[in-house]
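*Asks:* Let's see this in three dimensions:
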Amino acid sequence: MFKRVFLIVLDSFGVGEAPDAARFGDEGSDTLGAVRKHPNFDCPNLTKLGLFNIDGVGGGIRCPHGAYGKMRELSNGKDTVTGHWEIAGLISEKPMPLYPEGFPDDVISEFERLTGRGVLCNKPYSGTEVLKDYGEEHIRTGKLIVYTSGDSVFQIAAHKDVVPLEELYRYCEIARGMLTGKHSVGRVIARPFVGEYPFIRTAERHDYSLEPPRATMLDAVSRAGLEVISVGKIVDIFAGRGITDYVRTVSNNDGMTKTAEIADRDFHGLCFVNLVDFDSAYGHRNDVPGYAAALTAFDRRLPEIMNKLGRDDMLIITADHGCDPSTPSTDHSREYVPLLISGDRIKYRKNLHTMDCFGTVAATVLEALGISDSSLDGSSVLESVLLNGERRKKNG
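*Replies:* Residues are numbered from 1 along each chain as shown. The predicted structure follows:
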């Protein structure tokens with residue numbers, strides 16, 4: 001049995017098109033492939049853990065220090081919520097609603113009635129471009145900027161001088177309450193911004209997700225009396241369900257700092273981390289140099305976490321979908337995601353090949369923590385990655 005599991009999700013870090021990528025309009029997408037050749041990319045620690053030994057990736061080393069493979073998503077979607085829910089053992093067979101033409105008139109009219117404010121935009125839009133095109137009109141009129149994307153999201157942008165932050169959050173709660181039934185979008189997202197044209201989005205984004213329709217890995221761990229510590233937007237993605245403690249973050253770097261601080265704590269359970277900048281700041285912005293540099297920055301800080309792991313700790317690194325920054329699309333991409341597992345008790349050079357279902361993570365985490373829950377989707381790989389015999393020496 002393990003005492004602590006650190007699960008880090010590199011938001012949008014796909015490792016090549018999934019078999020059904022064409023069905024999602026993502027044929028040829030490869031997030032890792034798009035960034036690995038850029039001069040900003042330098043990730044020796046991820047390389048050491050076996051990232052490039054994953055089947056189909058290429059360029060691996062002779063002796064990866066851990067178990068490695070890739071997972072295929074089975075949920076009917078490619079967004080943050082379905083990806084994380086599947087990581088936590090819940091396949092979403094029904095796709096969440098998308099609005100490529102904007103939200104229906106009756107939805108917008110009801111939102112305007114409940115908030116007492118008009119609405120601008122109501123189209124799929126880039127989160128930065130929408131501020132350039134509608135920010136000044138919003139300031140003049142006080143109307144809310146409502147927009148969506150290729151994901152199942154209802155996003156509300158407002159300048160903090162026009163709509164105070166708590167009021168914006170209240171509007172999001174109103175939207176979350178009314179978006180039910182056939183309009184049950186995955187997330188309602190507050191998008192506060194400040195300054196003058198072209199405006200700057202703040203780090204005070206807040207996501208209001210649907211509650212998972214049934215129990216997840218987080219519920220199973222907390223029901224067993226263990227801790228579930230959320231770092232970043234995990235608490236929002238699961239609507240707080242099954243989480244015993246949480247810290248919010250303003251950047252990948254902040255997320256790594258807070259994860260390192262948690263690694264200094266004596267706890268028993270799961271630390272579940274989301275690093276969102278890969279997706280929000282680089283993938284959706286088609287910023288290959290920025291994405292490559294962000295991965296390098298993460299890689300530089302990875303030893304801080306690994307050096308704090310004890311004998312009964314495990315580190316898992318994965319992703320929730322892709323977001324290839326080199327394609328014309330700025331939306332998520334349907335890709336395989338990596339699965340890297342390391343720790344003193346984990347085998348070196350263990351190729352897990354390709355696994356169906358992101359729920360592999362949930363099943364493995366629960367088995368590692370000594371928890372049984374047959375209701376979750378996915379199969380554990382713990383037995384195949386565990387090192388036989390004595391603890392490996394640190395320089396082994």
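*Asks:* Flag every buried residue along stretch 70-85.
*Replies:* Using 16 or more other Cβ atoms under 10 Å as the burial criterion, the residues of stretch 70-85 that qualify are 70-75, 77-85. For every residue, glycine as well, the C-beta is placed using N, CA and C.
*Asks:* Check stretch 318-336 too.
*Replies:* Neighbour-count burial for stretch 318-336 flags 318-327, 329-336 (criterion: 16+ other Cβ under 10 Å).
*Asks:* Quick one: end-to-end distance for that stretch.
*Replies:* Counting by Cα to Cα, to the nearest Å, you get 10 Å between the two ends of stretch 318-336.
*Asks:* Distance from it to the middle of the chain?
*Replies:* Centre-to-centre, stretch 318-336 and its host chain are 12 Å apart (Cα atoms, centre = their mean, to the nearest Å).
*Asks:* any idea which helix is longest in this structure?
*Replies:* The longest helix of the chain (DSSP state H) is helix 288-306.
*Asks:* average model confidence for that helix?
*Replies:* Mean pLDDT, taken over the full extent of helix 288-306, equals 98.
*Asks:* Same question for stretch 21-35.
*Replies:* Confidence for stretch 21-35, expressed as mean pLDDT, is 97.
*Asks:* could you pull out the helices for this structure?
*Replies:* Applying DSSP H to the chain gives helices spanning 31-35, 44-48, 80-87, 105-115, 129-141, 165-178, 217-223, 234-237, 252-263, 277, 288-306, 360-368, 382-385.
*Asks:* starting at the chain centroid, how far to the shortest one?
*Replies:* On the basis of Cα atoms, centre = their mean, the separation between the geometric centre of helix 277 and that of its chain is 10 Å.
*Asks:* Over to the first one?
*Replies:* Centroid displacement of helix 31-35 relative to its chain, using Cα atoms, centre = their mean, is 17 Å.
*Asks:* contacts for it?
*Replies:* Contact with helix 31-35 is made by 12-16, 41, 51, 57, 283, 288, 291-292, 295, 322-327, 333, 335, 338, as judged by Cβ atoms under 8 Å, 6 or more residues apart in numbering.
*Asks:* what do you get if the cut-off is 6 Å, keeping everything else the same?
*Replies:* 13-15, 41, 288, 291-292, 322, 324-326 (Cβ atoms under 6 Å, 6 or more residues apart in numbering).
*Asks:* Please produce a markdown table containing these, extended by distance to residue 2.
*Replies:* Putting the contacts of helix 31-35 into a markdown table (distance: Cβ to Cβ, whole Å) gives the following:
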| residue | distance to residue 2 |
| --- | --- |
| 13 | 24 |
| 14 | 27 |
| 15 | 26 |
| 41 | 32 |
| 288 | 37 |
| 291 | 32 |
| 292 | 33 |
| 322 | 29 |
| 324 | 34 |
| 325 | 35 |
| 326 | 38 |
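*Asks:* And the strands in this protein?
*Replies:* For the chain, the strands defined by DSSP state E cover 4-10, 67-72, 119-124, 144-148, 153-159, 187-194, 200-201, 206-209, 227-231, 245-247, 269-275, 313-318, 337-342, 350-356.
*Asks:* how much does the longest one deviate in direction from strand 153-159?
*Replies:* When you say that, I think you mean strand 187-194. Strand 187-194 runs at 20 degrees relative to strand 153-159, counting by axes from the mean of the first three to the mean of the last three Cα atoms, to 10 degrees.
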